[in-house]
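J.: Quick check, what structure comes out for this input:
(chains A, B, C and D)
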Number of protein chains: 2
Amino acid sequence: MSAAGVSERQSDRDGAATRTRLLDVAFAEIYEHGYQGLRVDTLLAKAGLTKGAFYHHFESKTALGLAVIDELLAGLADLVWRQHLAQYDDPIEGIEASASFALGLLGPRATTLGCPINNLAQEMSGLDPAFQQRLAAVFQGIIDNIATALERGKASGVVRGDVDSRAAAIFILAAVEGAIGIAKGTRSEAALQSALVEARRYLATLRAASADG
Amino acid sequence: MSAAGVSERQSDRDGAATRTRLLDVAFAEIYEHGYQGLRVDTLLAKAGLTKGAFYHHFESKTALGLAVIDELLAGLADLVWRQHLAQYDDPIEGIEASASFALGLLGPRATTLGCPINNLAQEMSGLDPAFQQRLAAVFQGIIDNIATALERGKASGVVRGDVDSRAAAIFILAAVEGAIGIAKGTRSEAALQSALVEARRYLATLRAASADG
DNA sequence: GCTATTACAGACCAACCGGTCTGTCCATAT
DNA sequence: ATATGGACAGACCGGTTGGTCTGTAATAGC
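T.: Numbering: from 1, shown residues only, chains lettered A, B, ... in the order given. All right, here's what the predicted structure looks like:
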C-alpha cells in the first residue's frame, strides 16, 4: 500500500514525530524563558510526554539545546537570509524585504521576546563553547549570505563598487538584531519601526548613483 | 578629627562598604554568567562574605539584581552617554567618542561578554516586569541623551535640520549594542571594528553640508 | 556600664531540577 | 508463536539553590 519502502506508522509511537515535538516545544520555551530558564519537566508537560521519551531522543538538556540550534534556528536563518533574500535581484531591496519577512515570522513577539537566534547567542555564547561555536556559525552564514547579495549587487551595478560587502553585511545584521533588541528592551514597537527607517538610510548609502539620474 | 558629622568606621563591619562589595561582585558575576546563572553561594564566596551579610543588605536575589541596575548599570549609562557625551560640541564626534569610551571601559570583554546593560536587558526583559521597567528606563535615558546631543547639533548647524533626532538616537543605540552583540556572538573583534566603521558612515549622513565646502 | 541595634557568621532546610532506572507496550523479524 | 529492540511511562534519586534562623561580636545611645 505504501508508496515508498519506508514503513508507515501513525498516531502514537512515531519516533521522529515525538522528537520534532520535543524540539518545537523546546524552541518555544527557550524563546520565552531562555535556555537557562528552560525546565525539562515543564517542557515535557507542555509536550504531553515524560522523561522516558526525552532521554530516549536526547542524551541531555544540553544536547536538546544544541539540536534546537542545528535543526531549527539554523533553518530559520537560512530561510530568511538565503532563500528569501535570493528572490530579489536588487540586494538592497532584498535586504529590506528579508528583514520585514523575518519580523513577519516573529510577529508581535519581536517586540516582547526579541530574536530567538540573537537571544540564545547573547545568553549562551559566554557560557558554553558548544553553543558559542554553533551560534557563531549561524551568524557567519547570515553574514555570508548578505555579503554575497551585496556582491551580486556590485556586479549588476546596483551597489557602489567601493562598498566593503563583508563589513556592510556585519553592520546590517548588527543593526537588525540591535533594533529588535532595543525594541524588546524598551517594549516599543515604535522604536523598532524608527530604527528600521534609519537603517534604510544606511542602506541607501550603499546604492550606486542611478545611471539615468 | 572627622570633617563631617558622620561617624567614621573602618576595616570590618562597614555596612555601606560590604553592600557595595556585594553589588560589585554581583555585577561581575551577572556580566559573566547572566542573572539566571548568578549563584548566591558563589557570589558570597567571591566576596568573602556569608548568607548573613547578604540577606541583611538585600531581601532577595531579585532585590540584588534590581540594585545592580539602579546603582551600577544606570550609572555606567549616565557616565558614557551623558557626562562623556556632553564634553563634545560636535554631537557626531561626541557619539563616536562616547562609543569608543564605552568600549574602552569594557576592554577585551566587549568581544567575549558583550555589553552588561544589553545582556541583562535581553535576558530579563521577557521574564520579570521589574527588571524590564528599570532596564527600559536606562535605555530611554541613553536615547534621550543622544537625541538631546543631536538637537544641540541641529541648533549649531552641525546636524542636518531634517534629521529625526529621536529615531536617529534609537538607531545609534541599536547599532552600537547590535555591533557588540554580533562581535560577542561571532567572537570577532574584527567584526566589531567593521561594524563601527560602517556605523560612522551612517553618522556621516546626519551631518549638515559644511558651509566652507 | 548597660542596653538596643546593627552587622554579620554559619548551620540548616525545603523545594527544585536534571538525570537514572526499571518496566511495559508495540512493531517487526524469524 | 516467540524473541528482539525501539519507544515510551513514571517512580525515584542526589546534588544544587535560594532562603531562613539562631547566635554573636561590635557599635551607638543613654
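J.: What distance do you get for the residue in chain A that chain B sits nearest to to B:G178?
T.: When distances are taken as Cβ to the nearest Cβ, chain A reaches nearest to chain B at A:G178, 2.3 Å away. C-beta coordinates here come from the backbone N, C-alpha and C atoms, glycine included. Counting by Cβ to Cβ, to the nearest Å, the separation of A:G178 from B:G178 is 2 Å.
J.: What of A:D164?
T.: 17 Å.
J.: The two: which is more packed in?
T.: B:G178 (29 against 16; other Cβ atoms under 10 Å in any protein chain shown).
J.: Low-confidence bits of chain A, can you list those?
T.: Scanning chain A for pLDDT under 70 picks out the ranges A:1-13, A:211-213.
J.: Which residues belonging to the longest helix seen in chain A are considered buried?
T.: Determined from DSSP state H, the single longest helix within chain A is helix A:129-155. By 16 or more other Cβ atoms under 10 Å in any protein chain shown, the buried positions in helix A:129-155 come out as A:131-132, A:134-136, A:138-140, A:142-143, A:145-154.
J.: Which SSE is immediately downstream of it?
T.: As assigned by DSSP states H and E, the chain's next helix or strand after helix A:129-155 is helix A:165-186.
J.: how about that following helix as PDB, C-alpha atoms only?
T.: In PDB, the C-alpha atoms belonging to helix A:165-186 read as follows (Å, rounded to 0.1, in the frame of the first residue of the first chain):
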ATOM      1  CA  SER A 165      30.500  43.900   1.300                       C
ATOM      2  CA  ARG A 166      31.500  42.000   4.400                       C
ATOM      3  CA  ALA A 167      31.700  45.000   6.700                       C
ATOM      4  CA  ALA A 168      28.400  46.200   5.400                       C
ATOM      5  CA  ALA A 169      26.800  42.700   5.900                       C
ATOM      6  CA  ILE A 170      28.100  42.600   9.500                       C
ATOM      7  CA  PHE A 171      26.700  46.100  10.200                       C
ATOM      8  CA  ILE A 172      23.300  45.200   8.600                       C
ATOM      9  CA  LEU A 173      23.000  42.100  10.800                       C
ATOM     10  CA  ALA A 174      24.100  44.100  13.800                       C
ATOM     11  CA  ALA A 175      21.600  46.900  13.100                       C
ATOM     12  CA  VAL A 176      18.700  44.500  12.600                       C
ATOM     13  CA  GLU A 177      19.500  42.500  15.700                       C
ATOM     14  CA  GLY A 178      20.200  45.600  17.600                       C
ATOM     15  CA  ALA A 179      16.900  47.200  16.600                       C
ATOM     16  CA  ILE A 180      15.000  44.200  17.700                       C
ATOM     17  CA  GLY A 181      16.900  44.100  20.900                       C
ATOM     18  CA  ILE A 182      16.200  47.800  21.700                       C
ATOM     19  CA  ALA A 183      12.600  47.300  20.800                       C
ATOM     20  CA  LYS A 184      12.500  44.400  23.200                       C
ATOM     21  CA  GLY A 185      14.300  46.300  25.900                       C
ATOM     22  CA  THR A 186      12.100  49.300  25.700                       C
END
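J.: by how many degrees do the longest helix of chain A and helix A:165-186 diverge?
T.: 120 degrees (axes from the mean of the first three to the mean of the last three Cα atoms, to 10 degrees).
J.: Can you tell me the SS state at the residue nearest to A:L113 when sequence neighbours are not counted?
T.: Nearest residue to A:L113, sequence neighbours excluded (Cβ to Cβ, 6 or more residues apart in numbering or on different chains): B:G126, at 5.3 Å. Recorded secondary structure, B:G126: coil (DSSP: H, G, I helix; E, B strand; the rest coil).
J.: what's B:G126 in contact with, if anything?
T.: Neighbour list for B:G126: A:E32, A:H33, A:T112, A:L113, A:G114, A:K184, B:Q132 [criterion: Cβ atoms under 8 Å, 6 or more residues apart in numbering or on different chains].
J.: likewise A:Q122?
T.: Taking Cβ under 8 Å, 6+ apart, one finds B:G114, B:N118, B:N119, B:Q122, B:E123, B:G181, B:K184, B:G185 in contact with A:Q122.
J.: Tell me which two of these sit farthest apart.
T.: Pairwise distances across the contacts of A:Q122 peak at 14.4 Å for B:E123 and B:G185 (criterion: Cβ to Cβ).
J.: returning to what we had before: these two touch, right, the residue of chain A closest to chain B and B:E177?
T.: Yes - contact criterion Cβ atoms under 8 Å: A:G178 and B:E177 qualify, at 4.8 Å.
J.: Mind telling me what element the most centrally placed residue in chain A is part of?
T.: Per Cα atoms, centre = their mean, the C-alpha nearest to the average position across chain A is that of A:A77, at 3.9 Å. Of the helices and strands defined by DSSP H and E, A:A77 is found in helix A:74-78.
J.: Could you check how far A:A17 is from DNA strand C?
T.: Using Cβ to the nearest atom of the strand, to the nearest Å, we find A:A17 at a distance of 13 Å from DNA strand C.
J.: re earlier: who are the packing partners of the helix holding A:A77?
T.: Applying 3 or more Cβ pairs under 8 Å, 6 or more residues apart in numbering or on different chains; DSSP states H and E, one finds that helix A:74-78 makes contact with helix A:116-124, helix A:129-155.
J.: and the longest one, does that touch chain B?
T.: Yes - with Cβ under 8 Å from any Cβ of the partner chain as the criterion, chain B is reached by helix A:129-155 at A:Q132, A:L135, A:A136, A:F139, A:Q140, A:I143.
J.: Now for these: which two are most distant?
T.: Within those, two members stand farthest from each other by Cβ to Cβ: A:Q132 and A:I143, at 16.0 Å.
J.: A:Y35: what's it in contact with?
T.: By Cβ under 8 Å, 6+ apart, the neighbours of A:Y35 are A:G65, A:L120, A:E123, A:M124, A:F131.
J.: what two of those residues have the greatest distance between them?
T.: Maximum pairwise distance among the contacts of A:Y35 (Cβ to Cβ): 10.3 Å, between A:G65 and A:E123.
J.: of the helices and strands packed on helix A:74-78, which approaches B:R39 most closely?
T.: In terms of Cβ to Cβ, the element of the helices and strands packed on helix A:74-78 nearest to B:R39 is helix A:116-124, at 16.2 Å.
J.: Many thanks, have a good one.
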